[in-house]
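In: Requesting a structural model of the entry that follows:
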Amino acid sequence: MYEEEYDAFQEDSSLQAAAWLHDIIEDCGFNQSLLYGSGMTKEVVDIVVAVTKLEGETQEVYLNRIVEAGPNAIKLKLADSRANLSATLSSPVSETQQGRLEKYTSNLVFLNQALLNLA
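Out: Predicted coordinates:
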């Protein structure tokens, strides 16, 4: 994610911490126990776990699990999807990138609607 995405979470330290850590399980081999062991709160760990896509999980199941986790997980995944979409748009669009554009756009529509429904 980009710095401006993190800045949007300044009012919520748990959400900001989760934003910094959002890919740590998928990309760095961390798990819940390691996050707790490093001093993370339950709220931060819950958000990070919620936005971590599980192996073999469909996109539909993944997005619904994020929605079930609540507004902070939705906000974080929205910010991540916006950043990923922006990064994808900054390159020439290949067939692979076209698939990413469709995925991130679909994520944004679905999660924005879910956030509106919670309001």
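In: for this protein, what spans make up the helices?
Out: Listed in chain order, the helices of the chain (DSSP state H) span 3-7, 13-21, 24-28, 32-37, 42-50, 59-69, 71-89, 95-118.
In: could those helices be laid out in CSV, adding mean neighbour count and mean pLDDT?
Out: C-beta: built from backbone N, CA, C; applies to glycine. Formatted as CSV, those follow (neighbours: other C-beta atoms under 10 Å; pLDDT from 0 to 100):
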stretch, mean neighbour count, mean pLDDT
helix 3-7, 12, 61
helix 13-21, 19, 93
helix 24-28, 14, 92
helix 32-37, 14, 94
helix 42-50, 20, 97
helix 59-69, 16, 97
helix 71-89, 19, 90
helix 95-118, 14, 91
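In: and Leu108, what is it in contact with?
Out: For Leu108, the contact set (C-beta atoms under 8 Å, 6 or more residues apart in numbering) comprises Leu78, Ser81, Arg82, Leu85.
In: brain fart, Asn107
Out: Applying C-beta under 8 Å, 6+ apart to Asn107 gives the contacts Gln59, Leu63, Lys77, Leu78, Ser81.
In: Swap in 10 Å and give it another go.
Out: Gln59, Tyr62, Leu63, Ile66, Lys77, Leu78, Asp80, Ser81, Arg82, Asn84, Leu85 (C-beta atoms under 10 Å, 6 or more residues apart in numbering).
In: Distance check, Leu63 against Phe9.
Out: Distance, Leu63 to Phe9, using C-beta to C-beta, to the nearest Å: 20 Å.
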